[in-house]
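Trainee: Structure of the sequence below:
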Amino acid sequence: MAKISVTYDYFNDMLCPMHMLIHFGKGNFDWSKNYIYIPVNSPFKRKRAEDILDDTFSLSVASTELVMNKDKEGYFGIHIPTVKSRINKLRGEAFVPHFQLEDIEQFVIQIGDIEEILAMDKNVQYTWR
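Mentor: Next up, the predicted model:
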């Protein structure tokens, strides 16, 4: 089971959620799935940016890899084949270190991207901040 936490930082003098961390550990993610769905349950386990370990192999998830499912209210999804396709493109770039899918320990997602995907069907700002 993945551990979900959120980093907070100050924005316009207010403490705001910035990134969601989905930590599953090295070799513990099932890359054969098409989608995974993550609940948006607040309050979140709060972390400061300084609390993130530098030696954790993380992968940022792009907004184009996020999906919504109207049957799963309060959840957003990650389309895993799109993530893998991007990883394969990265591997061909000169300055990207060699790694295997099993090396990735957590996903990092910008909170703004999650808010956008969850508000798509309502065309309003998501208010869980």
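
Trainee: For the most centrally placed residue in the chain, what is the enclosing helix or strand?
Mentor: By C-alpha atoms, centre = their mean, the chain has its centre lying nearest to Ile109, at 3.1 Å. Applying DSSP states H and E as the criterion places Ile109 in strand 106-110.

Trainee: Who are the packing partners of that strand?
Mentor: strand 14-23, strand 58-60 (3 or more C-beta pairs under 8 Å, 6 or more residues apart in numbering; DSSP states H and E). C-beta coordinates here come from the backbone N, C-alpha and C atoms, glycine included.

Trainee: okay, the ones you listed in a markdown table with distance to Arg86 and mean neighbour count next?
Mentor: Output for these, formatted as a markdown table (distance: least, C-beta to C-beta, whole Å; neighbours: other C-beta atoms under 10 Å):
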| stretch | distance to Arg86 | mean neighbour count |
| --- | --- | --- |
| strand 14-23 | 16 | 18 |
| strand 58-60 | 9 | 17 |
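
Trainee: Out of the ones you listed, the one nearest Met68 is which?
Mentor: Ranking these by proximity to Met68 (C-beta to C-beta) places strand 14-23 first, at 15.1 Å.
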